[in-house]
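A.B. asks: Please work out how this folds:
(one chain, ligands or ions: 2)
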Amino acid sequence: MPMSELLQVQGLRKAFGGVQAVDGVGFALAAGELLALIGPNGAGKSTCFNMINGQLAPDAGSVRFAGREISGWRARDIWRLGVGRTFQVAATWASMTVVENVQIALLSHHRQLYRFWARAAKLHRDEALELLGAVGLRARADEPCSTLAYGDVKTLELAIALASRPKLLLMDEPTAGMAPGERNALMQLTGDLARKRGIGVLFTEHSMDVVFAHADRILVLARGRLIAHGTPAEIRANEQVREVYFGSGRIAQGLRRAGERDAPAAVPSR
Ligand code: ADP
Ligand code: MG
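C.D. replies: Ligands and ions are numbered 1, 2, ... in the order given. The predicted structure is shown next:
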């Protein structure tokens, strides 16, 4: 096992009633790596995420993070160990400023309580501003969150996730609802920050253009099973992936489109 390996998942399984949502999934993820988990709706992507972050207990399988077996741990304990995830900015926080939203996340990270907020408005402001700077939102810090454009709200969600200093960041459809250009910008930013800070990122994304352009490696899930696993170049050339997705709308189109132009990360072994 390479020393940089952060996450190792083996034989992960989860059924809901008669539905085997996740049926023996295994993979590894290294620090600083962007790993995409793709597959059609209902393939089991979110269920995988929820088992890794402790929202759901697996029926079987192993999740090793930073050298520890964490399957079955409580979500909060997994989060404390360094597994972060993006959350949608809650509507209730929309009246607060951009920087206050990050300060709230920092209060939680530093184990202080929201109810002291009134007295703590200055707490962690510098650290919050540093995080906003890292995602390009420094200039918007003192504006109410409600004035942000949708793409900036999604970027703020990334800053909030980074506030807990995760070693592994789980992003389930982080760009949902964004325009194509914004999707690319957010995943570019995520990739830059992940590499710079050595954060491993597992993400789902519906746009195959975005996946092929930004993922270091891709896992393809269908009906709870991994049917392919490789670099963008390998996945693009994979006949089984083409067969399974041919005609299934965006995924098949994305494979064709991405195959027509060379995404930078995809040049190596062809
Ligand atoms: P994806 O994120 O890839 O769209 P999900 O992991 O959400 O897929 O769902 C995988 C399968 O498990 C689907 O058939 C879905 O209907 C089912 N499922 C997911 N969560 C639940 C749940 N809490 N209760 C019952 N069935 C669920
Ligand atoms: Mg999902």
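A.B. asks: now whatever residue of the stretch 51-200 of the chain ends up closest to ligand 1, nearest residue through space, not along the chain?
C.D. replies: Closest residue of the stretch 51-200 of the chain to ligand 1, CB to the nearest ligand atom: Asp172 (7.2 Å). All C-beta atoms are positioned from the backbone trio N, CA, C, and that covers glycine. With sequence-adjacent residues excluded and distances taken as CB to CB, 6 or more residues apart in numbering, Asp172 is closest to Phe49, at 4.8 Å.
A.B. asks: dump the residue contacts of that neighbour.
C.D. replies: For Phe49, the contact set (CB atoms under 8 Å, 6 or more residues apart in numbering) comprises 37, 55, 85, 170, 172, 202, 204.
A.B. asks: Which of the residues you listed fall within strands?
C.D. replies: Members of these lying in strands (criterion: DSSP state E): 37, 85, 170, 202.
A.B. asks: farthest-separated two in these?
C.D. replies: Based on CB to CB, the longest span within the ones in strands among the contacts of Phe49 runs between Leu37 and Arg85 and measures 13.3 Å.
A.B. asks: And those two? Which one has more around it.
C.D. replies: Leu37 (26 against 23; other CB atoms under 10 Å).
A.B. asks: Now Gln103. Nearest residue, chain neighbours left out?
C.D. replies: Ala128 (4.6 Å).
A.B. asks: I'd say that neighbour and Val102 touch.
C.D. replies: Yes. Counting by CB atoms under 8 Å, Val102 is a contact partner of Ala128 at 3.8 Å.
A.B. asks: Could you please give me the overlap between the contact lists of those two?
C.D. replies: The contact lists of Ala128 and Val102 share Ala163, where a contact means CB under 8 Å, 6+ apart.
A.B. asks: Might you list the low-confidence residue ranges for the stretch 1-150 of the chain?
C.D. replies: Scanning the stretch 1-150 of the chain for pLDDT under 70 picks out the ranges 1-4, 90-92, 112-121.
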